[in-house]
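Asks: sharing a model prediction with you, sequence too.
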Amino acid sequence: MTAAQPTRLLYVAHDHLNFDHGILKTADSNTDALVLVESQRMITGRPWHKERLFFLLSSARHFAAEAQSRGFTVRYIQAPTTIDGLKAAQAEFGNLPIHCAEPSSFRQYQQLKDFGVDFVENDLFLTTRALFDLWAQKQKSFVMENFYRAQRVRLGILVSNGEPEGGRWNYDSENRLPPPKNYTWPAYLEHGRDDIDAQVATQLEHEPTNTWATTREGALSQLANFIEHHLAGFGPYEDAVAADNWALHHSLLSPYLNNGLLHASEVVAAVVDAYRAGRAPIESVEAFVRQVIGWREYINGMYWFLGEDYRNLNLLNADRKLLPLFNDSSKTQMNCVRSVVADVEARAWTHHIPRLMILSNLALVTGTNPQQFLDWMREQFIDAAEWVMVPNIIGMATHADGGLLMTKPYAAGGAYLSRMTQHCKPCAYDPKKRVGTDACPFTTLYWDFLERHKDTFVKNHRMSQQVFGLKRLSDLPELQERAQEVLAGLDAGTI
């Protein structure tokens, strides 16, 4: 049956691919035409990782095909810009009103608003922007833990009579084990490719991995795989970095949560159901729930609360250009960095600890410009939406906001990396040494970072002990000299 002439155009962004939320939850195939726009600006505007582009484009094209099979009139338009695509839709259907869910970045919000698009509340998150604003306005400091506990109570997740199940809100202390030895990790789940995938791969001149699904069916299979094989072991090793497995027990669900193929509510429900059925311990379940209803929602809320100019902060005056190793893993002899960057090159993903304690830690202690590092992270990671990366990089990773989000910088030396990763033993550099040509660059640069910023951090109650530790370093002059050699070597791609 042919659909009637539409009376509304519903714009579906590439990160709003959900029939039950966003603009589509009230869609009517008899009156609404769906418009997806693949803009040239989105594809060629920045040096995006091709695996990332492949995932986003193929997921959107699969979603458009699914919408058509459900009886919707659908236009998947390739155009120079999103606005050009919407103009093309109006040229075909008439000057119909265009509606969409609130966009996920300040830039797109303004562009669509200027074009006259009407917005509905973005419920692809569990917390509306207005609700988060109410919480944030009442805070003296934006402590994620406080937000997370309020979320547990508000959403009724793992709480009973306002108290946490298991008697504790937080099981972090149980979830900091180093990578295990002689451990058998579950096999990686692989996703097959179809004709749509092949068309996108050809367009991008890219040979995709089988790591990422591009359909809701595939995303659901990833969720089921996580519940079946990984949830129980997730908590203890969530902070570990193994040499023999790039995923450990991490869910690999963030790309699907961020482009809409999965919704946080169904993911959390599945995890809690597994807990109720005795298939996973509270330590692992709470750790995962914290990431989804706590950290993810907090970061999105803070992105909108802190405003568009937040991304430009650079309060540590970090002005070093992006190191060449970030764009070429062969440009470093540091085993942990080389391995993690190679993982990113291979599949556009590594879990949160390599992101924070290796890549971001290196950017922090080298004084890399936070905006250049932000751009790189944004371009390389498959789940790197603007709202994800701006608070994570400017606030948590590089402390460029002066402590608005985090009460201390996440700087660490080789001792931490030696404890939590398996990369130090075969490395050319010794994590115990801070001076000498074989000293771990992280160890050298950690102390040099503290020395450079001691006036900033000496009154920080979470940093003062480390700053006072500088007084015990009898070799501080030699360390500072070595730090300059390390920085020069990193700039040259020889360290």
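Replies: Cool, got the structure.
Asks: look up how far residue 234 lies from residue 295.
Replies: 14 Å (CB to CB, to the nearest Å). Every C-beta, even on glycine, is put in place using the N, C-alpha and C of the backbone.
Asks: and for residue 279, the neighbour number?
Replies: Neighbourhood size, residue 279 [other CB atoms under 10 Å]: 14.
Asks: may I have the secondary structure class of it?
Replies: Under the three-state scheme (DSSP: H, G, I helix; E, B strand; the rest coil), residue 279 adopts coil.
Asks: residue 133 against residue 306, yeah?
Replies: No - look at residue 133 against residue 306 with CB atoms under 8 Å: they stay out of range, at 11.0 Å.
Asks: related to what we said a few turns ago, which of residue 295 and residue 234 has more neighbours?
Replies: Regarding residue 295 and residue 234, a neighbour count based on other CB under 10 Å identifies residue 234 as having more, with 23 against 16.
Asks: which residue packs closest to residue 252, ignoring adjacent ones?
Replies: The shortest distance from residue 252 to any non-neighbouring residue, by CB to CB, 6 or more residues apart in numbering, is to residue 222 (5.9 Å).
Asks: and residue 38, that's in a strand?
Replies: Yes - checked against three-state DSSP, residue 38 lies within a strand.
Asks: which element is the closest residue to it other than its chain neighbours on?
Replies: In space, and not counting its chain neighbours, residue 38 is closest to residue 78: 4.8 Å by CB to CB, 6+ apart. Secondary structure from DSSP states H and E places residue 78 in strand 73-79.
Asks: then that strand to CSV, C-alphas only?
Replies: Taking C-alpha atoms only, strand 73-79 is exported to CSV below (Å, rounded to 0.1, in the frame of the first residue of the first chain):
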residue,chain,number,x,y,z
THR,A,73,8.4,7.0,3.6
VAL,A,74,12.1,7.4,4.0
ARG,A,75,14.7,9.6,2.3
TYR,A,76,18.4,8.9,2.9
ILE,A,77,19.9,12.0,1.3
GLN,A,78,23.5,12.6,0.5
ALA,A,79,24.2,16.3,0.5
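Asks: output the contacting helices and strands for it.
Replies: strand 32-39, helix 50-69, helix 82-93 (3 or more CB pairs under 8 Å, 6 or more residues apart in numbering; DSSP states H and E).
Asks: hmm, back to that, neighbour count winner among residue 133 and residue 306?
Replies: The residue with more neighbours, out of residue 133 and residue 306, is residue 306; 20 against 14, by other CB under 10 Å.
Asks: distance of the residue lying closest to residue 304 once chain neighbours are set aside from residue 104?
Replies: Leaving aside its sequence neighbours, residue 304 sits nearest to residue 129 (CB to CB, 6+ apart; 4.9 Å). For residue 129, the distance to residue 104 equals 11 Å [CB to CB].
Asks: common neighbours of these two, please.
Replies: residue 122 (CB atoms under 8 Å, 6 or more residues apart in numbering).
Asks: so between those two, which is more surrounded?
Replies: residue 104 (25 against 16).
Asks: what about that one, distance to residue 299?
Replies: In terms of CB to CB, residue 104 sits 12 Å off from residue 299.
Asks: got any residues that touch both of the two?
Replies: With CB under 8 Å, 6+ apart, residue 104 and residue 299 have common neighbours residue 387.
Asks: picking that back up, tell me which element the residue nearest to residue 252 is part of?
Replies: Going by DSSP H and E, residue 222 is in helix 216-229.
Asks: so what touches stretch 390-406?
Replies: 142, 299, 302-303, 306, 310-311, 313-316, 318, 355-356, 360, 363-364, 368, 370, 373-374, 377, 408-410, 460.
Asks: next, the distance between the ends of that stretch.
Replies: With CA to CA, to the nearest Å as the measure, the ends of stretch 390-406 fall 14 Å from one another.
Asks: ok, stretch 235-242 next?
Replies: End-to-end for stretch 235-242, by CA to CA: 15 Å.
Asks: my read is residue 99 is in a helix, agree?
Replies: No - read with three-state DSSP, residue 99 is strand and lies in no helix.
Asks: nearest residue to it other than its sequence neighbours?
Replies: residue 118 (4.8 Å).
Asks: for residue 382, helix, strand, or coil?
Replies: Applying three-state DSSP: residue 382 is coil.
Asks: need the pLDDT of the residue nearest to it when sequence neighbours are not counted.
Replies: By the measure of CB to CB, 6+ apart, the closest residue to residue 382 outside its immediate chain neighbours is residue 348, 4.0 Å from it. The per-residue pLDDT reported for residue 348 equals 98.
Asks: what number of residues lie near residue 348?
Replies: Neighbours of residue 348 (other CB under 10 Å): 25.
Asks: phi, psi of it?
Replies: For residue 348, the backbone dihedrals (degrees, to the nearest 10) come out as phi 60, psi 30.
Asks: thinking it is in contact with residue 52, fair?
Replies: Yes - contact criterion CB under 8 Å: residue 348 and residue 52 qualify, at 4.8 Å.
Asks: shared neighbours of the two, anything?
Replies: 380-382.
Asks: could you turn the buried ones of those residues into a ChimeraX selection?
Replies: A single ChimeraX command selects the buried members of these (16 or more other CB atoms under 10 Å):
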select :380,381,382
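Asks: just give me the closest of the shared contacts of residue 348 and residue 52 to residue 489.
Replies: residue 380 (22.9 Å; CB to CB).
Asks: looks like that closest one contacts residue 348 (just checking).
Replies: Yes - in terms of CB under 8 Å, residue 380 counts as a neighbour of residue 348; the distance is 6.2 Å.
Asks: overlap in contacts of these two?
Replies: Counting by CB under 8 Å, 6+ apart, the residues touching both residue 380 and residue 348 are 49, 52.
Asks: might you report the residue contacts of the nearest residue to residue 245 once chain neighbours are set aside?
Replies: Closest residue to residue 245 apart from its sequence neighbours, by CB to CB, 6+ apart: residue 185 at 4.3 Å. Listed by CB under 8 Å, 6+ apart, the contact set of residue 185 reads 242, 244-245, 247-249.
Asks: show me the two of those that sit farthest apart.
Replies: 244 and 249 (13.5 Å).
Asks: which one's more surrounded, those two?
Replies: Taking other CB under 10 Å, residue 244 and residue 249 do not tie; residue 249 has more neighbours (22 against 11).
Asks: could you look up the SS state of the more buried one?
Replies: Reduced to three states by three-state DSSP, residue 249 is coil.
Asks: what's near enough to touch the closest residue to residue 34 other than its chain neighbours?
Replies: Once flanking residues are discounted, residue 34 sits nearest to residue 74: 4.7 Å by CB to CB, 6+ apart. Contacts for residue 74 were tallied using CB under 8 Å, 6+ apart; they are 33-36, 64, 67-68.
Asks: that concludes my questions; thank you for your assistance.
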